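S.K.: Pasting a predicted model and its sequence here:
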Amino acid sequence: MFGKTGQSLRVVPGIGGGARGIFVGKIPFSEKVGPDWQIPSKPKWSEPMLVVANTSGRNLLVFDTKGRKVGAWGTRGSGNAKLEEPVDAEATPFGLAVADSKRPRVVFYDGRGRYLRTWKIPTPPSGDYTNEIHLKWDRNREWLFATDPEHDRLWAFDGNGKVVLEKEVKGKPTGIEVGSNGKVYVTSRLQSRVIAVPLGSRAGVSPPLPGKSGGPRAREVE
C-alpha cells in the first residue's frame, strides 16, 4: 500500500504469486428474497475492504484496509458460485463483479461473499491462455465495461446483464478507466499505449453484429 505522495505504507502478505486484479472499497450487502440473495434498492454497505482476484488459487482474497486477511470467497469448481480463473474485481450497485475468464462471465457476490448471479460474456474461451479481462463500473451510464484482450474487444452491459456495446479495440485492451468526462480509456498491452475509446454521441448505442466493428475507431492518447 502507498500513501498520497507515493511512499510505501505497508505490504499486504499472504497473496501469493497468482494475484491479478484488485478492488478497494465498500460492497453492498444482500437480503434473502425467496430462495435467492438479492441487493435491495437501498442496501447497507460493508466497511471498506481490499479484494484480490487470486487467479492461481481460484478464489478471492479479502483483507481489511490495514492489510489483515479477513476471508476468502469462492472456490474452484464448475458451479455458478465457483470460480475457475478470476482475474479482476469491481464493485457495482449489484454487488462485487468478478471476471472469471476461463468460462467467460461475470460472477457477482455481496459484501459477505454470498453468490448473487452470473452474466455471460459472449466471447470464446481462450483455451490455455489467460484472457485478462478487466472490469469498470460506469455510474453515469450505469454500464459495466469489460475488456477482452485476447479478442480485441470492449464490452458493456446494462444493469440486467444485457450487452449494450461491443467494440473492436486493437492491441489487446486490458486495463480500463472511465474519466469524469465520460471518456473511456484502455491500456493496450500489445502497443504499450493508452487508448481513448469513442463510444458515439449517445450512451445507449446499439451493439454491432458479432464479428463486426462499428462506430469511430479507437485512437491513441497523445
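M.R.: Yes, it's here.

S.K.: quick one: least confident helix or strand in this protein?
M.R.: strand 219-220 (a mean of 40; mean pLDDT, DSSP states H and E).

S.K.: any weak-confidence spans in the protein?
M.R.: Residue ranges of the chain with pLDDT under 70: 1-17, 200-222.

S.K.: Which residue would you name as the spatial centre of it?
M.R.: In the chain, the C-alpha nearest the mean C-alpha coordinate belongs to residue 135, at 2.5 Å (C-alpha atoms, centre = their mean).

S.K.: which ones are touching that one?
M.R.: Contact analysis of residue 135 by C-beta atoms under 8 Å, 6 or more residues apart in numbering lists 21, 88-90, 97, 99, 106, 144-146, 176. Using the backbone N, CA and C atoms, a C-beta is placed for each residue, glycine as well.

S.K.: would you say residue 150 is within a helix?
M.R.: Yes: membership of residue 150 in a helix is supported by DSSP: H, G, I helix; E, B strand; the rest coil.

S.K.: how far does stretch 107-114 stretch from start to finish?
M.R.: One end of stretch 107-114 sits 11 Å from the other (C-alpha to C-alpha, to the nearest Å).

S.K.: Next, the distance between the ends of stretch 100-114.
M.R.: Note: stretch 100-114 ends 16 Å apart using C-alpha to C-alpha.

S.K.: Torsion angles phi and psi at the closest residue to residue 40 other than its chain neighbours?
M.R.: Among residues not flanking residue 40 along the chain, residue 31 sits closest, at 5.3 Å (C-beta to C-beta, 6 or more residues apart in numbering). When read as degrees, to the nearest 10, the backbone of residue 31 gives phi -130, psi 150.

S.K.: Okay, residue 31 and residue 38: tell me how far apart.
M.R.: The gap separating residue 31 from residue 38 is 6 Å, by C-beta to C-beta, to the nearest Å.

S.K.: same question, residue 168
M.R.: From residue 168 to residue 38 the distance is 35 Å (C-beta to C-beta).

S.K.: again, but for residue 50
M.R.: Counting by C-beta to C-beta - residue 50 and residue 38 are separated by 25 Å.

S.K.: Which of the two has more residues huddled nearby?
M.R.: residue 50 (21 against 16; other C-beta atoms under 10 Å).
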